[in-house]
Every structure is written in C-alpha cells, then in structure tokens.
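# turn this into a model:
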Amino acid sequence: IIRYGRVLLPLILFPITPAVGIFAAEQKSAVLIGIDIYNPKNPPAPKDATPAVKRPVVRGSWLAWSFPDLQGAVKDVELMQSILSSDKLGFKDIAVLKNQDATANAILATLQRKLIDETTKGDIRVVFYSGHGSTVMNEASNERYNLDQTIVPADHYKGDVPDIRDKELSRILWNAGKKGVKVIFIADSCHSGGLSRGAWNKRGMTRTARSAPALHAKPYPVQINDPADKDPETGKEINPVDVGVVILAAAQDDESAQENPDTPEGPHGAFTWELRKALEQGLDQPADLVVRRATSLLKTDNFAQQPELKGKNLHSITLFGLPASAVSSTTAVVDSVDKEGKIILRGGKAIGIYEGCELKRILSKDGPVEIRI
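Modelled structure (predicted):
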C-alpha cells in the first residue's frame, strides 16, 4: 500500500482545525522579483524613471561572472503571487518585478519604498526573489573568505552594474525591522543562506555562475571595501534577524540552488516547488514546520541543497508573518519501506514524533494507512 516516495503522514493526536482570527487586518504587502533573462538579445531601452539609488562605490567589471538564462524564476514569482493573493491570505498590494524590469536600481528602490517609506509599525511585508545569486570578495567583510553573497539583477549584462550584496539588503531589512515592520525575505537562489542558478546538469539549471574568477585572483576583477553597518546601540554588526526579520534561503551560503524542469507546471525552482507543496498542508502552519516539510520533499526528490530558515518565534508564526494555528498537524515523509513492511520516516523528535505516536495517511486510493511509532 505504501510505496517509496513522498508519503505524508499527518499526526492524528490532535484534530486539524482552522485558527480563529489568524488573518487579522494588518497592512499586508509583497515585493516579488523573478529574473529568467540575463542575456537579452535586444536590450530594451531604459524605462526606469526612479531616481538612482545611492550605493557603495564598487570598481571593476562584473562580466567576470557569466550567467545563463533561466527557465523557472518568473514562474516561481507567478506561483508565489497566486498563493499570496488567495482568499486565505488576502495580499492585494503586490509589486512584481520580472526580467528586465528587475534592474538593480528598481529592486533597491522598490524595497526601500515598500519596506520602509510606506510602512507603519505592525505592517507585514513579504519579499520573494527568484533568480541568479553569486558571491563577491569584499575586503571589509568579516564573512568567510571575505565573501559577500549577492543577488544578480537583470542589468548585470551591462558590466558596470554591481550585484546587490547582502550588506545592502541587510541595511534595508534592518531599518524596516527597527521600524516595527514584520518582514519575511525568501530567496530561491544559490548561496542564499548567506543571502545562484545557472549551469545545466541532467536535473536542470543550477542557479549559480557559469564562470567566476578564482578566489584569490590578482588582480581581482571587482574591488569592494564596504564594511557592514553597526547597530548604534550595541556596536555590533547589524543583523536583520535581531530586529524580527525572518529570512528563508533555498540553500546554504556555499551551495547551489537547482531548478526542477519536470514539475506538472513546467520548470520551477526546486525549492519553490517543494515549498508550494508543503504549504498545501495549510497556510496557517508554523513557519518552521513548513520549511521542514519542504526540506524533506527536496531530499526525497534528490535535490542536494539544504534550505535555511532564520528568525524568531518560528513555531508561532506562519511563513507569511501571521499568527500560526495553535492546533496543527505534524507530517513526516517516508524515507523507505523494506520487504517486511518496516517504515523509515524522515522525521522524529525534532518535529514532535515520539515512540507511541499513531499516524495516519488519509489520502490513499487503497484506503487509510495507520502506523504506530
């Protein structure tokens, strides 16, 4: 009855009931960024009338990194937009930047406006990025190997447009958090654990550079000296998590994020697709539970990347900043079933499953399946 693969077993120790009033009247808004086209054949004339955002001085050519076009980033944005705008979540103010509209200036200006300028304390802001990511050396960085993690804007092909580095993003996220805005930042890109998609393999695209300079190449093609901002109250480097920002990354800072070319809806970011399936268990689930489910599904589908979730009170809020249901099901993915019927689950005490628990698979054409741990 149970076959190897993705079998979700909801824990039946508690009934699954909707939370009361979890969708309160907070001012909810989102910024969704998706870039597939990094090498436009006929680059469009600039149409971004937004005043140029002031950025740290960076010298050199960014064409030392080569990024092929992607296939699933824009579809990721469309998927996330459909989730957020659903009746259950009710996000109506959604800013979308796709392909050549997602220039570095447009991304930074939109984040500044939507996360800081137009917000008040208690507002909810969801930021979703799907596209290429990379790393670049910053001699003032305290990170491993002095590398900053980056997201790659659509106008990278020009050569004189710097990637948007983690320190630039942190400044915006930290200022929003200090203002009391509930920010959830989700990135389906390589190296996103520190904040890539690109080379084709037999599974699909990986979201990383096709080519990159050696770590200690001399002269290094890009020169950056941009220390992280300090918290004036503590003197420590700012960390958006400290002021309530939730950050969800599709991969660790030294990992690639892959695309899944074979979903029923066409190519998608592997993580975004599994996240969508995890959310189908209920939009009122705690954020940490959703990410554990998505991670298990990634492993079951043989995608070698480890998502990372950072934030506070992740067991009591949803992935989109709303209060989580006080009563929620627990699920585990079946890792294997041997000839004698012994079942190995991808889950244990970390997700609330202990010896003696009874679980039940409800959705089965062969009838319900019950097991005891």
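
# make it CA atoms for all contacts and neighbour counts henceforth
Fine.

# measure Ile124 to Leu84 for me?
The gap separating Ile124 from Leu84 is 12 Å, by C-alpha to C-alpha, to the nearest Å.

# repeat for Ile238
Counting by C-alpha to C-alpha, the separation of Ile238 from Leu84 is 29 Å.

# for Asp253, same thing?
Distance, Asp253 to Leu84, by C-alpha to C-alpha: 27 Å.

# the two: which is more packed in?
When Asp253 and Leu84 are compared for neighbours, Asp253 comes out ahead with 24 against 21, by other C-alpha atoms under 10 Å.

# shouldn't that one be in contact with Cys190?
Yes - at 7.3 Å, Asp253 and Cys190 qualify as touching, with contact defined as C-alpha atoms under 8 Å.

# now Asn239: phi and psi?
Dihedral angles of Asn239 (phi, psi; degrees, to the nearest 10) stand at phi -140, psi 110.

# ok, it touching Asn175?
No - counting by C-alpha under 8 Å, Asn239 sits too far from Asn175 to count as a contact (10.3 Å).

# where do the helices sit along this protein?
Using DSSP state H, the helices of the chain run over 73-84, 104-112, 166-178, 270-279, 287-300.

# ok, how many other residues are close to the nearest residue to Lys179 once chain neighbours are set aside?
Nearest residue to Lys179, sequence neighbours excluded (C-alpha to C-alpha, 6 or more residues apart in numbering): Lys121, at 6.0 Å. When neighbours are defined as other C-alpha under 10 Å, Lys121 has 15 of them.

# what's the answer for Gly341, then?
Burial measure for Gly341: 10 neighbouring residues, criterion other C-alpha under 10 Å.

# so how far is Val333 from it?
For Gly341, the distance to Val333 - C-alpha to C-alpha - is 16 Å.

# cool, Leu283 as well?
Distance, Leu283 to Val333, by C-alpha to C-alpha: 19 Å.

# residues touching Ile344, list them.
By C-alpha atoms under 8 Å, 6 or more residues apart in numbering, the contact list for Ile344 reads Val334, Asp335, Ser336, Val337.

# what sits against the closest residue to the last one other than its chain neighbours?
Using C-alpha to C-alpha, 6+ apart and skipping residues adjacent in sequence, the residue nearest Val337 is Ile343, 4.6 Å away. The neighbours of Ile343, taking C-alpha under 8 Å, 6+ apart as the test, are Val334, Asp335, Ser336, Val337.

# out of those, which comes closest to Gly356?
Nearest to Gly356 out of the contacts of Ile343 is Val334 (C-alpha to C-alpha; 17.4 Å).

# wait, Leu115 sits on Val127?
No - here Leu115 does not reach Val127: they are 9.0 Å apart, not a contact under C-alpha under 8 Å.

# overlap in contacts, those two.
Contact criterion C-alpha under 8 Å, 6+ apart; residues shared by Leu115 and Val127: Val183.

# if you count surrounding residues, which of these two has more?
For Leu115 versus Val127, neighbours defined as other C-alpha under 10 Å are more numerous around Leu115 (28 against 21).

# quick one: pLDDT of that one?
Turning to Leu115, the model gives it a pLDDT of 98.

# residue contacts, it?
Going by C-alpha under 8 Å, 6+ apart, the list of residues near Leu115 reads Arg125, Ile172, Leu173, Ala176, Val181, Val183.

# apply 6 Å and report the result again.
Ala176 (C-alpha atoms under 6 Å, 6 or more residues apart in numbering).

# and if you look at Gly72?
Pro267, His268, Gly269 are the contacts of Gly72 under C-alpha under 6 Å, 6+ apart.

# using JSON lines, lay out the residues you listed together with pLDDT.
Listed next are the contacts of Gly72 as JSON lines, based on pLDDT from 0 to 100:
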{"residue": "Pro267", "pLDDT": "95"}
{"residue": "His268", "pLDDT": "96"}
{"residue": "Gly269", "pLDDT": "94"}
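
# among those residues, which are in strands?
Among the contacts of Gly72, the members falling in strands (DSSP state E) are His268, Gly269.

# how about a markdown table for the contacts of Gly72, with neighbour count added?
Formatted as a markdown table, the contacts of Gly72 follow (neighbours: other C-alpha atoms under 10 Å):
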| residue | neighbour count |
| --- | --- |
| Pro267 | 21 |
| His268 | 28 |
| Gly269 | 31 |
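
# Ala257: which of the contacts of Gly72 is nearest?
Among the contacts of Gly72, Gly269 lies closest to Ala257 (C-alpha to C-alpha), at 7.7 Å.

# any low-confidence regions in the stretch 151-300 of the chain?
191-208 (pLDDT under 70).

# strands of that one, start to end?
Remark: strands assigned in the stretch 151-300 of the chain by DSSP state E, counting those that start in this stretch are 164-165, 182-188, 197-200, 205-207, 222-224, 246-249, 259-260, 268-269.

# so which elements touch the fifth one?
Put plainly, it is strand 222-224. Packed against strand 222-224 by the contact rule (3 or more C-alpha pairs under 6 Å, 6 or more residues apart in numbering; DSSP states H and E) you find strand 58-60.

# quick one: buried residues of the strand it packs on?
Under the neighbour-count criterion of 16 or more other C-alpha atoms under 10 Å, strand 58-60 has Val58 buried.

# ok, that strand: who's next to it in the sheet?
Looking at strand 58-60 with DSSP bridges, its partner strands are strand 222-224 (antiparallel).

# for the partner strand, what is the distance to the chain centroid?
Centroid separation for strand 222-224 versus its chain: 27 Å, with C-alpha atoms, centre = their mean, to the nearest Å.
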